[in-house]
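1. Next input, structure requested:
(2 chains)
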Amino acid sequence: MSDELVSKTLMPGSSSPVVAGRSELAKSTEVTREFLAFELGSENYALPLASVREILKPPPVTGVPRAPRDVLGIISVRGRITTVIDLRRRLNLEERPLSKASRILLVDREDEIIGVLVDRVHQVYRLEPEEVEYSNVMGSDASDHFMGIGRPRSASRSARGAHALDDHSILILLDPIPLLRR
Amino acid sequence: MTGDEGSGMREEFLAEAQEIVEALSRDLLIVDQAQKEGRVDPQQVNEIFRSVHTLKGIAGMFGHSAIGALAHGLEDLLDDLRLERIALTPEVLDVLFEGVEHFQRLLQVDDGAEAGIDFDAFAKRIGQVLGAQGGGRSGDPLAMLDLDDSVLSVLTEYEEHRLRSNVESGVGIYRVRLRLPLLSIDSSLEDLKARVKPVGEIITYLPSMEGGDAEHIELVVLVASTESLRALGEAIAFEDASIEPVARRGATPVPPRAPTMTHPENLAAPPRVPVETRHEMATPVPPAGQNVSFDQLSVRSVAKTVRVDIEKLDHLMNVVGELAIIRSAVVRLSEGLRNTAGLRELAIDLHRINRGFERNLLELQNGILDVRMVPLGQIFEKLARIVRQVAREHGKEVRLVVAGKETEVDKLIVEELSDPLMHIIRNAIDHGIESPKVRELAEKPPVGTLALNAYQKGKHVVIEVEDDGAGMNPQTLRETAVRRGLLTPEAAAELTREEAYNLIFAPGFSTKSSITEISGRGVGMDVVKTNIARLGGVIDVQSEVGTGTKFTITLPVTLAMINALLVRVADREFAVPITAVQEAIVFEKRAIRRVEGREVLTLRGATLPICRLDELFGLGRPQEPDRQFIVVSEVGARRMGFVVDELHGQQDIVIKSLGPSLQKVRGFAGATDLGDQRVALVIDVPALVEELASGNELGRITAGGYS
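-> Numbers count the residues shown, from 1 in each chain, chains lettered A, B, ... in the order given. Here you go, the predicted structure:
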């Protein structure tokens, strides 16, 4: 995976079913089947594919003084100033410097496209309903950006890339709207 | 027709109708003002009639029946008004203003039912004012005038009426002949109107068959004036113009004869004033059909203007920004080539071509900026309406004095300015200007004055709103701040007068305990201040108890592209808008003094407070460089020196806003793409100066804290 995907627009233009990825996202099992999996520390996370517009190799990021702590800074994406958040900071994970595998996902959050820094991008998974446990598995204490757990049964089947999951892996499914809320 | 075309046409209609309604409202205010001064301006009344008439026409064309019906009803009233069948009374004006309000509501919701307008009731009101006045007309004095029937036959009913009433009141009628270039006919006519206005009234223009050519048209203009021929000649002073009086005949009409204007010597009238001697040529008055070609002229000139979506201009400006980035890349390339053996000549050629490119780019940029500029008069007119409305609602008498409405500002600024100004004005009338009774007790004229004054000052535009009302009492402001829990009594007592006035901009502050419909709509002066700061501006207030209050708003002329000084602080690049930079000096660390816990310098005899940007922005670095600079900024009356590590020269930049998620971050006006994937934050100097200058308790309230 990774390099073929990098800088290639996954969901070009507005024709993508982004609308479906909005408020109904967490509930709609019909539409939200495809997820983009990525790595953050020792866990694998995934965002609905429909919400991810693009994957970038991180350009130099300009820090913004006085910004909230989890804001890494701003970049220019073809002339548009885009805010980048460090997902590690947002999820209260231990910080780590950028590596060669680091990527910025451009994620659609209703009123703004936000850059999301992740450690490494894996691949797209298509999850059948029985492969997903929805958020109530964690009880009512779970954060509202926590959408559920994905268990791709034959993870290696679809993975031709280098970083496929092994059979015991789980995907932490994230809901982009509450995740990226200010 | 597809839905898209339909909505495009609808937008076109709405935009055009909006323009007409704005003009209507403007003219109505002028008439209203004149009426208050006991004058009636017939030309202006006629303009209003024509606006409504046009509105009716286009409403019919686009099938907007509600607007059409409304226009139709008003048209009847206005027709009687301009023909002076009824008098212009305050009641009539009220109905007309109400009509304008209805138009505006209709344009917003696009449906009569949604607008909640009771058309029947309004029609009844029109009927009432019409019925309240009866009119009659008397004999025809036009026959006394030595005017050819062919002239009289092409006059419209209104023109005929004006001519008649001028003759009746003994005003002299003059015939002015002009030769105007077709290309600039509209502006020439405007010019003529403006010149005639102080000395008389234009009854009509008639195009003449003679004297014109492919590029010129000759017009015969009938002017009514009480001035002498010479005075009129001096007032008009058009090149190529000739003026002669239209003689009065005896009571018996003489038979029609050849056009009289060719034989002035036959009449017992003074000779024509030759503004310039010109050919004496028979000028048969054109048949009515000639009017058509005149209309075509104005249609043609209207077609020369286009409405452009501001976003398209923004897009062009972005492209210019990209081109500027490409240009600097080429410059770098050519500099690289120059040092390469054998390529020197190529480098010089490249450099030369690039200079031409740069020049044209600059021209393009200025051209786009120029298109974005609109006169402030646009919002001043809207404000005049608000003044009238609010004054009436509060039973106050207010005279609005406007100056500098031709001052030009970026269209976006004008749009964003309208709400803050409206709020300031509402406040001024509601809280500032006293009721006529109170004013008389205070020995002030019963009519309050609200002055709206705009002017350009360097690359800034200054707008002042000044009232001669009650003013603000600093002590009352301090007490209110304490009562609202904004300040401790001790902190309040320490505030200077100026700081006390600035309390009104603090969130949660309002001096009047009763919430009135107008001023108490949930937005306070803090919102006004924030909105103005968002435009890169500052607002200041001065007040004197019993004398009045003055708000001063200082704004940049444009937002789209600015010249900026690039600086470096702790290895980060920032852009400082050049409009905010007075000068840059070398930082003499030894010269620093501490006053009240703040670092200051003495610069040319005046104290300059210092701000270390690295500390302010919390930018760490291993060690402070030996050599640093100070960027001296001035905003309003306040100066501030910003300490930076390096100066990187000036560059034109396109400011792009930070995304919604960084909206709460104070101190940056946006960011700019410098090319090479580099992005620099643009420092919002007014906001920083403001924040730092009020570095006391007040500052913490008004700056809203850091996010």
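
2. what pLDDT does residue A:62 get?
-> At residue A:62, the model reports a pLDDT of 94.

3. Look at the residue nearest to it when sequence neighbours are not counted and give its secondary structure.
-> Of all residues beyond its chain neighbours, the one nearest residue A:62 is residue B:679 (4.3 Å), with distances taken as Cβ to Cβ, 6 or more residues apart in numbering or on different chains. Yep, even glycine has a C-beta here, placed from its N, CA and C like the rest. Put simply, residue B:679 is strand when judged by DSSP: H, G, I helix; E, B strand; the rest coil.

4. mind listing what residue B:679 touches?
-> Shown in contact with residue B:679 (Cβ atoms under 8 Å, 6 or more residues apart in numbering or on different chains): A:60, A:62, A:74-76, A:81, B:671-673.

5. Show me which of those residues are buried.
-> Neighbour counting by 16 or more other Cβ atoms under 10 Å in any protein chain shown classes A:62, A:74-76, A:81, B:671-673 among these as buried.

6. Tell me how many other residues surround residue B:327.
-> Residue B:327: 15 surrounding residues under other Cβ atoms under 10 Å in any protein chain shown.

7. Chain A versus that one, what's the distance?
-> As judged by Cβ to the nearest Cβ, to the nearest Å, residue B:327 and chain A stand 16 Å apart.

8. Could I get the contacting residues of that residue?
-> Contact partners of residue B:327, counting by Cβ under 8 Å, 6+ apart, are B:354, B:357-358, B:361.

9. Would you confirm that it belongs to a helix?
-> Yes - assessed with three-state DSSP, residue B:327 lies in a helix.

10. any idea how far residue B:353 is from it?
-> If you measure residue B:327 against residue B:353 using Cβ to Cβ, to the nearest Å, the figure is 11 Å.

11. can you list residues touching both of the two?
-> With Cβ under 8 Å, 6+ apart applied, the contact sets of residue B:327 and residue B:353 do not overlap.

12. one step back: partners of the residue nearest to residue A:62 in the sheet?
-> As for beta bridges, residue B:679 partners with residue B:673 under DSSP bridges.

13. looking at this, residue B:634 is in a strand?
-> Yes - under three-state DSSP, residue B:634 sits within a strand.

14. Show the contacting residues for the residue nearest to it when sequence neighbours are not counted.
-> Excluding the flanking residues, the one nearest residue B:634 by Cβ to Cβ, 6+ apart is residue B:582, at 5.0 Å. By Cβ under 8 Å, 6+ apart, the residues touching residue B:582 are B:632-634, B:639.

15. Highest neighbour count among those residues?
-> Tallying neighbours with other Cβ under 10 Å puts residue B:633 at the head of these, with 24 neighbours.

16. Show me what from chain B comes close to chain A.
-> B:318, B:321-322, B:572-573, B:616-619, B:656-662, B:665-668, B:670-671, B:673, B:677-681, B:706-707 (Cβ under 8 Å from any Cβ of the partner chain).

17. what about whatever residue of chain B ends up closest to chain A, distance to residue B:642?
-> Ranked by Cβ to the nearest Cβ, the top residue of chain B for proximity to chain A is residue B:617, at 3.4 Å. Per Cβ to Cβ, residue B:617 is found 11 Å from residue B:642.

18. Tell me the buried residues in the one helix or strand residue B:384 maps to?
-> Assessed by DSSP states H and E, residue B:384 sits inside helix B:377-393. Using 16+ other Cβ under 10 Å as the test for burial, helix B:377-393 gives B:377-388, B:390-391.

19. and these, which two are the farthest apart?
-> By the measure Cβ to Cβ, B:378 and B:391 form the most distant pair in those, at 21.4 Å.

20. Including pLDDT and distance to residue B:185, could the buried residues of helix B:377-393 go into JSON lines?
-> As requested, the buried residues of helix B:377-393 are arranged in JSON lines below (pLDDT from 0 to 100; distance: Cβ to Cβ, whole Å):
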{"residue": "B:377", "pLDDT": "86", "distance to residue B:185": "23"}
{"residue": "B:378", "pLDDT": "80", "distance to residue B:185": "25"}
{"residue": "B:379", "pLDDT": "86", "distance to residue B:185": "29"}
{"residue": "B:380", "pLDDT": "87", "distance to residue B:185": "28"}
{"residue": "B:381", "pLDDT": "83", "distance to residue B:185": "26"}
{"residue": "B:382", "pLDDT": "83", "distance to residue B:185": "30"}
{"residue": "B:383", "pLDDT": "87", "distance to residue B:185": "32"}
{"residue": "B:384", "pLDDT": "87", "distance to residue B:185": "30"}
{"residue": "B:385", "pLDDT": "84", "distance to residue B:185": "31"}
{"residue": "B:386", "pLDDT": "84", "distance to residue B:185": "36"}
{"residue": "B:387", "pLDDT": "89", "distance to residue B:185": "35"}
{"residue": "B:388", "pLDDT": "86", "distance to residue B:185": "35"}
{"residue": "B:390", "pLDDT": "86", "distance to residue B:185": "40"}
{"residue": "B:391", "pLDDT": "88", "distance to residue B:185": "40"}
